[in-house]
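> below are the sequence and a predicted model; questions follow.
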Amino acid sequence: MTSMTDEIRARRLRLSLLAAGLIALGGCAAFALNQQATAPQPLPTIVKPAPKPKAPARPDGSTLTDGQAQAALISQADLGTPWTPTRGAATWRDGLLKATTSGADCQRLLDALYTDEILGGPPRVAVGMDDTDTDAQLRYQIGARRPADIDAALSWLKTLPDRCARFTATTQTGITEDIKVTGASVPDVGDARQGLRVSLTTTADDADESVLTLDVAAVRVGQDAFALTNGGLGDVANDTTQVAVQDGALRLADARRQGRAQV
């Protein structure tokens, strides 16, 4: 009887110990689960959109599209009557501007006037207009050169009233020209500018004298620039040159603002 009682007690003890172990095991599992639930979780990664690439700059640094450069040209509306779209190069261009002289700077000036490369290189876009009353011709261009090159061209133009104040040249037909170069004022527009007045006087065999007068102006506006010549036999209307420079600077500045807005 006693042995049976002892066996029952031992079995109850083992069950008690087992129950205690299960309870302890459950507590550890619950603690582990609670730790997993309350552990800090990493924040979600926010993927930022790739920045929109900027339009590639032209070699000359301009941000203008071809259409914007074309829109920056002055038009017949800027000059008014009697200016009309050009009918072609004026006859005096080949007859008088295609000439040779001994001075390097003076020859460079004649070549620039003849080829319309006032800024030292071919223009990006250009337009010509004729005065039907006087046969004067205005040629206007947007340059395609870097600002440093434009400033160098402007600095060179500024030296010409001293270096080429007066010189002679010979046309292809053998006519001798007496040429004078003076500085000329232009509206205070853009970031840098220079104006000239060039007069070429020839005397024919019959002693008749003819004079070709050219207003020359070049202006840099930011990274871009424009240049013009306003020429004709006899005198030319300088107020037309002033209007062309003023309106040209406004048009180019507006085109540059549009160009920056679209980049």
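Nice, thanks for sending it over.
> all strands of the chain, in order?
All strands of the chain, identified by DSSP state E, fall at 83-85, 99-100, 125-131, 137-142, 166-171, 176-183, 192-203, 209-221, 224-233.
> out of these, which gets nearest to T63?
The closest approach between T63 and any of those, judged by C-beta to C-beta, belongs to strand 224-233 at 8.7 Å. Every residue, glycine included, has its C-beta placed from N, CA and C.
> quick revisit: highest average neighbour count across the strands of the chain?
strand 224-233 (a mean of 26; mean count of other C-beta atoms under 10 Å).
> can you name every helix or strand that it contacts?
Judged by 3 or more C-beta pairs under 8 Å, 6 or more residues apart in numbering; DSSP states H and E, the packing partners of strand 224-233 are strand 137-142, strand 209-221, helix 238-261.
> and these: which comes nearest L160?
Closest to L160 of these is strand 209-221 (C-beta to C-beta; 9.1 Å).
> who are the neighbours in contact with the residue nearest the centre of the chain?
With the centre of the chain defined as its mean C-alpha position, the nearest residue by C-alpha atoms, centre = their mean is S62, 2.5 Å away. The neighbours of S62, taking C-beta atoms under 8 Å, 6 or more residues apart in numbering as the test, are 69, 124, 144, 223-224, 259.
> how does it look with 10 Å?
S62 sits next to 68-69, 124, 142-147, 222-225, 255-256, 259 when contact means C-beta atoms under 10 Å, 6 or more residues apart in numbering.
> do the same with A136
Counting by C-beta under 10 Å, 6+ apart, A136 makes contact with 82-83, 90, 129-130, 213-215, 230-237, 240.
> what's the mean pLDDT across stretch 148-165?
Averaging pLDDT along stretch 148-165 gives 97.
> and that stretch, what's buried?
Under the neighbour-count criterion of 16 or more other C-beta atoms under 10 Å, stretch 148-165 has 149-150, 153-154, 156-157, 160-161, 164 buried.
> same deal with stretch 231-242?
When neighbours are counted by 16+ other C-beta under 10 Å, the buried residues of stretch 231-242 are found to be 231-233, 236-238, 240-242.
> same check, this time on stretch 67-80
If you call a residue buried by 16+ other C-beta under 10 Å, then stretch 67-80 has these buried ones: 68-69, 71-74, 78-79.
> got the phi and psi for P59?
In this entry, P59 is assigned phi and psi values of phi -60, psi -30 (degrees, to the nearest 10).
> if I look at the closest residue to P122 other than its chain neighbours, how far off is A218?
The spatial neighbour of P122 that comes closest, neighbours along the chain excluded (C-beta to C-beta, 6 or more residues apart in numbering), is A144 at 6.8 Å. A144 sits at a distance of 14 Å from A218 (criterion: C-beta to C-beta, to the nearest Å).
> cool, V236 as well?
V236 sits at a distance of 17 Å from A218 (criterion: C-beta to C-beta).
> walk me through the domains of the protein.
Split into domains by automatic domain parsing, the chain comes to 1-47, 66-261.
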